[in-house]
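>>> show me the folded form of this:
(2 chains)
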Amino acid sequence: MEEKARDTLIELKHIKKVFEDGVTVIEDLSLEVKKGEFVTLLGPSGCGKTTILRMIGGFEKPTSGELLLNGKDISSLPPNERPINTVFQKYALFPHLNVYDNIAFGLKLKGLDKKTQEEKVKKVLDMVDLAGFEKRSISTLSGGQQQRIAIARAIVNEPEVLLLDESLSALDYKMRKEMQLELKEMHRKLGITFIFVTHDQEEALTMSDKVVVMSDGDIQQVGTPEDIYNEPANLFVADFIGASNIFKGKMVGKKQVEFGGTVFECVDDYDVDTLIDAVVRPEDVEITEAGKGQLEGEVLTCDFKGIFYVTNVKTDRAEVEIHNLKSFRTGDRVGLNIAPDSIHIIPYDTSINHYEGRLDRLLPGRGFMIVFEDFTLQDIPYSAIYPGAREADEGHELLDEKGQEISWQGAGVVVSFLPEDAVLSDDPEAGFVTGNIFNFIYMDDHYRYRVRSESEEDYIVNDEYLWNHGDHVSISVPMEKLHFERK
Amino acid sequence: MKYAFSRKQLAIPYAIFLVLFVILPLLVVIFYAFTDGEGHVSFHNFLAFFASSKTVGTLLYSIVIAVTTTLICLLIAYPTAYVLAKTNIRSGDALLLLFVLPMWINFTLRITALKEILTLLEGNLAMHPFLNTIVGMVYDFLPFMILPLYNALVKLDDSYMEAAQDLGASRRHVFLKVVLPLSVPGIVSGVTMVLLPAMTNYVVLDMVYNSTYIMGSLIGSYFSSYDWHNGSVISIILLIIIGVSTLLSNRYTQGEENGRVGNLR
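You can find the predicted model right below:
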C-alpha cells in the first residue's frame, strides 16, 4: 500500500462524553484523522461510534477534551459553521422539498446565484447517477435513490469532511454492495475525508483506508483493514472481525505454542510459559486424512454457504470451525493442520482481573478482612499477604517469622485471578461480587465472559456454560486460586 | 346456509346514525333555506341576508372575532407546543396535560369562572365587550390549537433539524425553512378546529355581556322565534364557509398526505 505523508485534519484529544442522564459513553478517547482518508468507525451498537461522529458533526458537545480541525478547536462551533457535512442514517431528506430543493438547500443558504446553484446540483446528480431527477418528490424515490440524494445533498457543499452515519444499513444486501463500491469510487474522485460509521465489519474492511475498531466507548485497534483482520490486537477484535477460532494455550519453546493438546510451530515469539490466546481464521485450517493432521477429530456438521462449506470438527479438547471448498459427512474422522503463519498469538492481558483493596482488620483465628471497591474478602490467611506471618495476642497483633510486629493497618493489596479459575453462578449469594454479563466470546471449549459490576468494574471469566448478554451473575474464585500482592 | 359476517356490516350502526342525524336534518335545512312560507322554491332568503346591513355586519363581526381568536391562539400555542414537543423535559407529558386539562372541565363552568375573574379585574364587563369576548374565546379554544400542533411537532424527526443545521442553516433558518413548513398540517388542523367554532360560539358573548350578534347568535334567535327559513340560510352560509376552507386546507396539506400513503404501500 502506498503510504503518503498526509496532514492531520481532525484530531480528537482525550475526549470524554457524559450524557445528560449521567451515562458515560466515552471515557477518554484520542484519534487522528488525516486529510483525504476514508476512516471507518466500527463496533457493536452502543460502543460510542455514533457519538464520536455526532461530536465531529457538531450535534453533541464533548464533556471535556479537545476536538481540533486543521489545528483549531471547533468543539464549541455549531454544525452550521463547520466545513463538515453529514449523510444521516435515515437520510433526513426534507419531505416538503423536491430533489432539486433538497440538494440546493445548503447552496441557497450560502447565497449562491441561481445559475451556479443549478450547475452544481446538476453536477452532483450526474455523479450519483440520478441526472434528470430534479423535479421528483422525495416520497417517490426508492431507498437507494434517497441514499444517493442524501449523499449528493452533502457533497454539493464541498465539505472538507463527509460524515456517514450507518448510511448503508437501510439498504438491501445487493444495493449495499453496490453503494459500498460507489462510495469508495466517490471518495477517490472527490479526494475529501470520509468518516464512516458502521457495525458491519465486512463493509468496514471493503471500503476503508483505516478502520477504528471500537467497543464500550474505547478504541480497541486502529489499522488498515489487512492489519485488523490478520493481526487483531486483542480477543475482542479477533472475535468481532470475521470468524475465528480462539484457543487458550501457552508458549512452550522458541516460536512454539501449545493449544488443543498439540504443540504448533508459530511465527510470534514470546517467553516460554507465557499464557496466550491463539487466533486461527477458519479458512486457514487445512483438513486432511485422519492420522495425518496435527489435530484429530470428528466432523460434527458441514453446511454449504454458497461459495464455501463451513465444517465443524470436534477434537478431544476443542471445537474447530473450518471454511473450505470440500464437503464432509457428519461422523467422518479427519486430521487438521494449521500453518505457522496462520496462528496469530495474543499474549494474555496480564492486567485483567486485578483489583486494588485495603487490609481492613484482623478476624482473630480466621485471617484478614480486605475491603475492595466492589467487594469484601474475609478469612484471607495472613501468609497469603505476609509470608510466614502469624497472629499473636488473641488477634491484636501480627508477627513475622522473626517475631517482629507487622504494621499492616490499611496496607494496600492487589488481588488477581485467572479467568479460568473463576466460576459464574446465578445465585447472587454464591460469589464475592455480582454483575451483569456485558459481552462474551466463544473459545475452543468454553466461553469468555466480561462481567460488569454496578460500579463499572469489569471481571473476565471463562465458563463452559452459555450465559446471555445482560444476565445477572455472581463470581466466585476458590481461595487457593486467588493471588495476593502487597502494594 | 351459513351466515357470512363481513367487516362492512360493522359500519351499519354508523350508517343509520349518519342518515338519521346528519343527512336527513341537512336535507331539512336545505329545504327550509330554499323555500318560502308557502313551500315554493325561492332564493329570497339568501338575497335578504346579503341585502341587510345588519346580517352582513353580523357575518363580518363573526369573521373578525374568529380570525382574531385564531391568530392569538396560534401565537400562544405554537411556541408552547414547540417547547413541549422538542425540549427534553421529563415532565413534558405532564405539562401537556396541564394545557389540555381544561378540555375535561365543563365548558359552562370554565367560562363562568373566567367571567368571575374578569369581573374581578375589570369591574364592569360591559366596558370592554370585544376584548372580553376574545379573552373568553382564546381561553376556550387554546387547547384545540395546542394539541394538533404538538402532535405535528412531536412527529417531526430531529434529524430534519440536524440536517438543516448541517447544511449551514442558522437556528432561525432551521425554523423558517424546515420546522414551520413541516408543521403546516398541524397549523391547518388547529386553525380548522378554532376558526369555525369561534364564529358560532355565542355562549362566550352572552357570558361576558357582549350584546353584539355573531352567526351563532343569529341562528339561535331565528330558530327560537320559529323562523326556520332564515335560520337555515345562515346554517347553509356557514356550511359553505366550512366547505370552502376545508377544501383549501386539504389542498395545502395534500402533498404531505400523499407522501404518507406512499410510504404505507
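>>> all strands for the stretch 1-150 of chain B, in order.
Counting by DSSP state E, counting those that start in this stretch, the stretch 1-150 of chain B has no strands at all.
>>> where's the residue nearest to B:Met103 when sequence neighbours are not counted relative to A:Glu429, distance?
Take B:Met103 and drop its neighbours on the chain: the residue closest to it by C-beta to C-beta, 6 or more residues apart in numbering or on different chains is B:Pro143, 4.8 Å away. C-beta here means a position set from N, CA and C on the backbone, and glycine is covered the same way. Noted for B:Pro143: a distance of 55 Å to A:Glu429, by C-beta to C-beta, to the nearest Å.
>>> the more surrounded of these two?
Of the pair B:Pro143 and A:Glu429, B:Pro143 is the one with more neighbours under other C-beta atoms under 10 Å in any protein chain shown, namely 20 against 8.
>>> could you check the pLDDT of the more buried one?
As predicted, B:Pro143 sits at a pLDDT of 90.
>>> quick one, what contacts it?
By C-beta atoms under 8 Å, 6 or more residues apart in numbering or on different chains, the residues touching B:Pro143 are B:Phe99, B:Val100, B:Pro102, B:Met103.
>>> do the same with A:Pro478
A:Pro478 neighbours (C-beta under 8 Å, 6+ apart): A:Asp421.
>>> got phi/psi on it?
phi -60, psi 140 (degrees, to the nearest 10).
>>> distance of it relative to A:Glu420?
12 Å.
>>> swap in B:Glu162?
B:Glu162 is 48 Å from A:Glu420, where distance means C-beta to C-beta.
>>> can you check B:Phe175 too?
Counting by C-beta to C-beta, the gap from B:Phe175 to A:Glu420 is 60 Å.
>>> got it, and B:Ile242?
78 Å.
>>> can you give me the helices for the chain?
Picked chain A for this. A:49-57, A:99-110, A:114-127, A:143-155, A:173-190, A:201-207, A:225-230, A:235-240, A:382-385 (DSSP state H).
>>> should've been chain B
B:12-18, B:24-33, B:44-51, B:53-86, B:92-100, B:107-122, B:129-155, B:158-166, B:171-174, B:180-182, B:184-200, B:202-207, B:215-224, B:228-264.
>>> relative to A:Asp341, which of those helices is closest?
helix B:158-166 (46.2 Å; C-beta to C-beta).
>>> helices or strands up against the closest one?
Other elements packing on helix B:158-166 under the criterion 3 or more C-beta pairs under 8 Å, 6 or more residues apart in numbering or on different chains; DSSP states H and E are strand A:84-87, helix B:171-174.
>>> report the distance from it to the chain centre.
Distance, stretch centre to chain centre, for helix B:158-166: 32 Å (C-alpha atoms, centre = their mean, to the nearest Å).
>>> what are the contacting residues of it?
Residues outside helix B:158-166 that contact it (C-beta under 8 Å, 6+ apart) are A:57-59, A:78-80, A:84-86, A:88-90, A:92-94, A:105, A:154, B:86, B:171, B:173-174, B:177-179, B:182.
>>> filter those residues to the buried ones?
A:57-59, A:79-80, A:84-86, A:88-90, A:92-94, A:105, A:154, B:173-174, B:177-179, B:182 (16 or more other C-beta atoms under 10 Å in any protein chain shown).
>>> what is the burial count for the closest residue to A:Phe417 other than its chain neighbours?
Excluding the flanking residues, the one nearest A:Phe417 by C-beta to C-beta, 6+ apart is A:Val477, at 4.7 Å. Using other C-beta under 10 Å, the number of residues around A:Val477 comes to 22.
>>> need the contact list for A:Val477.
Neighbours of A:Val477 in contact, by C-beta under 8 Å, 6+ apart: A:Phe417, A:Asp421, A:Ala422, A:Val423, A:Phe432.
>>> any idea how far the residue nearest to the fourth one when sequence neighbours are not counted lies from A:Leu424?
For A:Val423, the nearest residue in space outside its immediate sequence neighbours is A:Ser476; the separation is 5.2 Å by C-beta to C-beta, 6+ apart. For A:Ser476, the distance to A:Leu424 (C-beta to C-beta) stands at 8 Å.
>>> so these two - more neighbours on which side?
Higher neighbour count among A:Ser476 and A:Leu424: A:Leu424, with 23 against 17, using other C-beta under 10 Å.
>>> my guess is the more buried one meets A:Trp467, correct?
Yes: if you go by C-beta atoms under 8 Å, A:Leu424 and A:Trp467 touch, sitting 6.5 Å apart.
>>> so what sits against both of the two?
By C-beta under 8 Å, 6+ apart, A:Leu424 and A:Trp467 have these common neighbours: A:Tyr449, A:Val473.
>>> can you list the low-confidence ranges for chain A?
A:1-6 (pLDDT under 70).
>>> quick revisit: got JSON lines for the helices and strands packed on helix B:158-166, with distance to B:Ser211 too?
Formatted as JSON lines, these follow (distance: least, C-beta to C-beta, whole Å):
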{"stretch": "strand A:84-87", "distance to B:Ser211": "61"}
{"stretch": "helix B:171-174", "distance to B:Ser211": "45"}
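>>> looking at those, which is nearest to A:Ile441?
A:Ile441 lies closest to strand A:84-87 among the helices and strands packed on helix B:158-166, at 32.5 Å (C-beta to C-beta).
>>> the closest one near chain B at all?
Yes: residues of strand A:84-87 contacting chain B under C-beta under 8 Å from any C-beta of the partner chain: A:Ile84, A:Asn85, A:Thr86.
>>> from the rest of the structure, what touches that strand?
With contacts defined as C-beta under 8 Å, 6+ apart, strand A:84-87 is touched by A:53, A:56-58, A:69, A:106, A:147, A:150-151, A:154-155, A:157, A:159-165, A:167, B:162-163, B:166-167.
>>> pairing partners for that strand, with directions?
Strand pairing for strand A:84-87, determined by DSSP bridges: strand A:161-165 (parallel).
>>> buried stuff in the strand it pairs with?
A:Val161, A:Leu162, A:Leu163, A:Leu164, A:Asp165.
>>> which one of these is nearest to chain B?
Nearest to chain B among those: A:Leu163, at 8.6 Å, using C-beta to the nearest C-beta.
>>> ok, the nearest residue to that closest one once chain neighbours are set aside to A:Glu37 distance?
Once flanking residues are discounted, A:Leu163 sits nearest to A:Thr86: 4.4 Å by C-beta to C-beta, 6+ apart. Applying C-beta to C-beta, the value for A:Thr86 to A:Glu37 is 17 Å.
>>> close to chain A: what parts of the stretch 51-200 of chain B are there?
The stretch 51-200 of chain B comes close to chain A at residues B:88, B:157, B:159-160, B:162-170, B:173, B:177-178, B:181-182, B:184, as judged by C-beta under 8 Å from any C-beta.
>>> one more time with 6 Å
B:Ser159, B:Tyr160, B:Glu162, B:Ala163, B:Gln165, B:Asp166, B:Leu167, B:Gly168, B:Ala169, B:Ser170, B:Pro181, B:Leu182 (C-beta under 6 Å from any C-beta of the partner chain).
>>> need those residues in TSV with pLDDT and distance to B:Thr246, can you?
Formatted as TSV, those follow (pLDDT from 0 to 100; distance: C-beta to C-beta, whole Å):
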residue	pLDDT	distance to B:Thr246
B:Ser159	92	32
B:Tyr160	95	28
B:Glu162	94	35
B:Ala163	95	33
B:Gln165	95	36
B:Asp166	95	37
B:Leu167	95	35
B:Gly168	93	38
B:Ala169	94	33
B:Ser170	94	36
B:Pro181	93	21
B:Leu182	93	21
